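Novice: Sequence plus predicted model, see below.
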Amino acid sequence: MTITADTEAATETTGRAAASRFTKLHDFGIVLSVVVIVIALSVTTQTFLSTGNLVNLLDQAAVIGLLACAATLVIISGAFDLSITAVLAVSAIVAVVVTTHAGVPAGMAAAVLTGGVLGAINGLVVITVKVHSFIATLALSIIYRGLAVILTAGAIVYPPDDRVTAFQALSWPTTLGGITAASLLFLVVAAVCWAMLAGSTFGRRIYAVGGNEEAARLSGIRVGGVRVAVFAISGVCAALAGLVLAARGGSAQASMATGMELTAIAAAVVGGTSVLGGEGAIWRGLIGVLLITLIGNGFNLLGWDTIYQQVVQGALILGAVSFDRLLRGRRS
Amino acid sequence: MSQPVRIDLEGFGKAYGGVPVLRDVSFTLYGGRVHGLLGENGAGKSTLLKAVCGAVAPDTGRVLLDGRPISVGSPRDALRHGFALISQELALVPAMTVLDNVYLGRWHNRLGWRSGRKDGRTFARLLERTGFELDPSALVRDLPLAAQQQVEILRALVSGASVIGMDEPTALLTKTETDRLMAVIRQLAADGTAVVLISHFLEEVLSVCDDVTVLRDGRHVVTGPAAEQTPDSLVRHMVGRPLELMYPEPAPVAPSAPVLLSARDVRRGTAVRGVSVEIRAGEIVGVAGLVGSGRSETLRAIFGADARDGGTVVVDDRAVPSGSPPQAMAAGMAMVPESRKEQGLVLARSVRENMALASLGSRQLAGFVQGGAERSVAGTMLRDLDVRGSDLSGPVWTLSGGNQQKVLFGKWLLERPRVLLVDEPTRGVDVAAKSQIHRLLVDLAAEGMAVLMVSSEVEEVLGLSHRVLVMRHGRLVAEYARGEATREQVLAMAFADDLPGTDPPPEPGGRAAPGRVDPTTPTVSSRTSTEEQR
């Protein structure tokens, strides 16, 4: 018995050591891709490492970053939320409308509330109708875009002139090294999501529901509740991203951020969050956001023609993921 | 196929992450013979079979086909030489028809257009040859597992396989389906195919195989005619020493022990048709029955994993509502489910997270996990359960079946339940871990837990239980006190009306009322728990 048990033990120790070594390599893989781009940009341009550019980079990352936090949470819980940018648009429009009638703070609060409610509706539909979240949120996103068109009568909406300045507060620089309020908001939201996912019992439940829904249910976890909550958080993140976009433009419209949900999902997945659910982390989403933002920033700094930007962006994402796959592939 | 093929496997070796799982294994297969491949979990059987069929690249080793070395570097290569593998995870396209799956990738065609008629004709001939009854136009996803397996076998035949490897094909089959498969395997051999069969069921192997090979710790132990082996000799070869699987004796239940679990007339659909059972503190009640008899469904309905259509469940005077695992847990119940991979563990997450999952609320501060407390309780549990070679941070999928099962038990024991429902406590677990889990169940009962256990292994039910219940068609059909029933009696009750043209077999011991407990037996609840329902 000792002999069998010991060999088994030995197999497992090394097996696991090997597994964790690959995990580290794999983490390293995507980080390495980003580091390579950072070094390349630092060497080829004088401006990349300047404070001004870094502040600008962070500001550019804010919207996609907020959406990537939402996408990461939802994907880890074993679902997809394709409605985030539709929720973003409705929330931003609600912000403008309510600001017009009741002032900026009320407008912002209403936007966040709208995001949370629409997100919760997503979650409720997913758990009651039991169609795949991909389809459910796709259909709901069309409904939300339609709502946005109805709310705006198809036009661009602006806050009243006397409230425009306050409405655009999120795009102002703060005293923290000149980074914008939007950047600050993004960092705070990312930190909260990170702590929640990595440290809270709710975070554990999210991983469990995404990793094995039935095992989670039989362990006494209220799976439906977790799903609705995750979608609601996703909606709130989307609403905050909507506030940032509306603040930048000083306006809102029904077609805001169309297609950006796919970029957010790409950011989450590029970072190494498993589309199968149950595996991933907020920091991975942030790495993905950084990669995508760096590409745009690089084009800008290098003075390359932006007509090539999308092709290069897609190619680089593919390259990073392939590299990732290469390192991870040895596991199986 | 005038001359039967001869396949020599030479010096197969394979290591994962520096740990050898196969070491210099050589033996010979012959066409027209069924070759059993045996060994404990982790002995290297599946790896060897996969290496021979090109699904895994071995570090060393080659295959000689009639004396000529051949390359089996990929499944495609292997298939070209006639080597087909039917693994545990079936490789079918669920949304396609039987016919399409059988001819997958090798459809008859005319200028690139499919000729369904030609496929249909050859398919009919295949059915004739194998005696399978399959509807070619049925979708594979609608078929029971046994039929899906037949589709895989047909596909192997269509590919012209002369060597077919089967990895535990009968693990999930019923008795009847197993018998049918065994007949097909014999038929394949009679047609000249070399069949390699991995199975944990020794009797099955001895009855169907011509030759057997035993592996232990990746090494070749013995190859020889099956006729020269007995189940005992095979087990000896597998574990390297004589081994009697001894069941620990459960402690007697105190006559005054209170009833902890009382389920009355539990119903769910056609699977559970009115089951009543009472279990006292310290008592282990084992449920035997065939797959589909409603044993697992009963456990799930009592726990609330599935909603009940009727009946009540009371734990310690507290009524447990239907269909709510959290409520059942609050009442002091725990359920170790049937399948640890599908229902028990979150494989991608760590040992620690899995252990903590059912009791997250007990170690939290303002919604945040108290890491120190969690590490300490999970670490203690890991030591208590003797999970070796693993720490808390490793993902659960890296553990062996036995250790995974222990982690699953650990998850539920952290909350100290009063009533433990266990479905298949030792399925897919190595011998050492198995006896540890048996010990654990007996110890838990001795500490005053009420245990309701379902198992496909009749010996396990008989060996561990104070009382044995037999289920058939959603009802309890017999109850025996410890030591009162034999394996044959239990199986006879479980099968009863599945045997065509026979009445239920005579009652053990010649008692008139079927399945009644002798009220004088001391270790048994004197309450009759199998009241026949209406």
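Specialist: Thanks, I have it.

Novice: Which residue would be the closest one in the stretch 151-300 of chain B to chain A?
Specialist: In the stretch 151-300 of chain B, no residue comes nearer to chain A than residue B:217, which is 5.6 Å away by CB to the nearest CB. C-beta: built from backbone N, CA, C; applies to glycine.

Novice: What's the local residue count around that residue?
Specialist: For residue B:217, the count of nearby residues is 20 (other CB atoms under 10 Å in any protein chain shown).

Novice: by contact count, what packs against the one helix or strand residue B:488 maps to?
Specialist: Taking DSSP states H and E as the definition, residue B:488 sits inside helix B:487-495. In terms of contacts (3 or more CB pairs under 8 Å, 6 or more residues apart in numbering or on different chains; DSSP states H and E), helix B:487-495 is packed against strand B:284-289, helix B:458-464, strand B:467-472, strand B:475-481.

Novice: so that helix versus strand B:284-289, what angle?
Specialist: Helix B:487-495 and strand B:284-289 are oriented at 60 degrees to each other (axes from the mean of the first three to the mean of the last three CA atoms, to 10 degrees).

Novice: Could you list the buried residues of helix B:487-495?
Specialist: When burial is assessed from 16 or more other CB atoms under 10 Å in any protein chain shown, helix B:487-495 yields the following buried residues: B:489, B:490, B:491, B:492, B:493, B:494, B:495.

Novice: May I ask you to confirm that the residue of the stretch 151-300 of chain B closest to chain A is in contact with residue B:45?
Specialist: No. Taking contacts as CB atoms under 8 Å, residue B:217 lies outside contact range of residue B:45: 11.7 Å.

Novice: before we move on, back to that, let's have the helices and strands packed on helix B:487-495 in JSON lines, adding distance to residue B:427, mean pLDDT and mean neighbour count.
Specialist: What follows is those, written out as JSON lines (distance: least, CB to CB, whole Å; pLDDT from 0 to 100; neighbours: other CB atoms under 10 Å in any protein chain shown):
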{"stretch": "strand B:284-289", "distance to residue B:427": "14", "mean pLDDT": "94", "mean neighbour count": "28"}
{"stretch": "helix B:458-464", "distance to residue B:427": "10", "mean pLDDT": "90", "mean neighbour count": "22"}
{"stretch": "strand B:467-472", "distance to residue B:427": "17", "mean pLDDT": "94", "mean neighbour count": "26"}
{"stretch": "strand B:475-481", "distance to residue B:427": "22", "mean pLDDT": "94", "mean neighbour count": "23"}
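
Novice: Reformat those as TSV; add distance to chain A.
Specialist: Below are the helices and strands packed on helix B:487-495 laid out as TSV (distance: least, CB to the nearest CB, whole Å):
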stretch	distance to chain A
strand B:284-289	19
helix B:458-464	18
strand B:467-472	21
strand B:475-481	24
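
Novice: With distance to residue B:40 as extra columns, can I get these in CSV?
Specialist: Converted to CSV, the helices and strands packed on helix B:487-495 look like this (distance: least, CB to CB, whole Å):
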stretch, distance to residue B:40
strand B:284-289, 24
helix B:458-464, 17
strand B:467-472, 27
strand B:475-481, 31
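
Novice: Tell me which of these sits nearest to residue A:33.
Specialist: Proximity to residue A:33 (CB to CB) singles out helix B:458-464 among these, at 52.4 Å.

Novice: who does that closest one touch, helix- and strand-wise?
Specialist: Counting by 3+ CB pairs under 8 Å, 6+ apart, the packing neighbours recorded for helix B:458-464 are strand B:284-289, helix B:431-446, strand B:450-454, helix B:487-495.

Novice: again, 10 Å this time
Specialist: The helices and strands touching helix B:458-464, judged by 3 or more CB pairs under 10 Å, 6 or more residues apart in numbering or on different chains; DSSP states H and E, are strand B:284-289, helix B:431-446, strand B:450-454, strand B:467-472, helix B:487-495.

Novice: can these go into a markdown table with extra columns for distance to residue B:152?
Specialist: Shown next, in a markdown table, are the helices and strands packed on helix B:458-464 (distance: least, CB to CB, whole Å):
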| stretch | distance to residue B:152 |
| --- | --- |
| strand B:284-289 | 28 |
| helix B:431-446 | 30 |
| strand B:450-454 | 29 |
| strand B:467-472 | 31 |
| helix B:487-495 | 28 |
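
Novice: The ones you listed: lowest mean pLDDT?
Specialist: The minimum mean pLDDT among these belongs to helix B:487-495 (a mean of 81).

Novice: how far does that one sit from the chain's center?
Specialist: Relative to its parent chain, helix B:487-495 has a centroid offset of 19 Å by CA atoms, centre = their mean, to the nearest Å.

Novice: okay, the angle between it and strand B:475-481?
Specialist: 160 degrees.

Novice: Just the C-alpha atoms of helix B:487-495, please, in CSV.
Specialist: Output of helix B:487-495 as CSV, limited to C-alpha atoms (Å, rounded to 0.1, in the frame of the first residue of the first chain):
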residue,chain,number,x,y,z
ARG,B,487,-24.7,-10.8,-3.1
GLU,B,488,-26.9,-13.3,-5.1
GLN,B,489,-30.0,-12.5,-3.2
VAL,B,490,-29.6,-8.8,-3.5
LEU,B,491,-28.9,-9.1,-7.3
ALA,B,492,-31.9,-11.4,-7.7
MET,B,493,-34.1,-8.8,-6.0
ALA,B,494,-32.6,-6.0,-8.1
PHE,B,495,-33.1,-7.8,-11.4
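
Novice: Settle this for me: residue B:10 is touching residue B:51, isn't it.
Specialist: No. The criterion here is CB atoms under 10 Å, and residue B:10 misses it with residue B:51 at 11.7 Å.

Novice: shared neighbours, those two?
Specialist: Common contacts of residue B:10 and residue B:51, defined by CB atoms under 10 Å, 6 or more residues apart in numbering or on different chains, comprise B:25, B:60, B:61, B:63.

Novice: Phi and psi next, for the last one.
Specialist: Backbone geometry at residue B:63, expressed as degrees, to the nearest 10, gives phi -110, psi 130.

Novice: measure it to chain A for me?
Specialist: Plainly put, residue B:63 is 24 Å away from chain A if you go by CB to the nearest CB, to the nearest Å.

Novice: Which strand residues bridge that residue?
Specialist: residue B:9, residue B:70 (DSSP bridges).

Novice: returning to what we had before: in strands, which of the shared contacts of residue B:10 and residue B:51 fall?
Specialist: In strands, judged by DSSP state E, the following of these are found: B:25, B:60, B:61, B:63.
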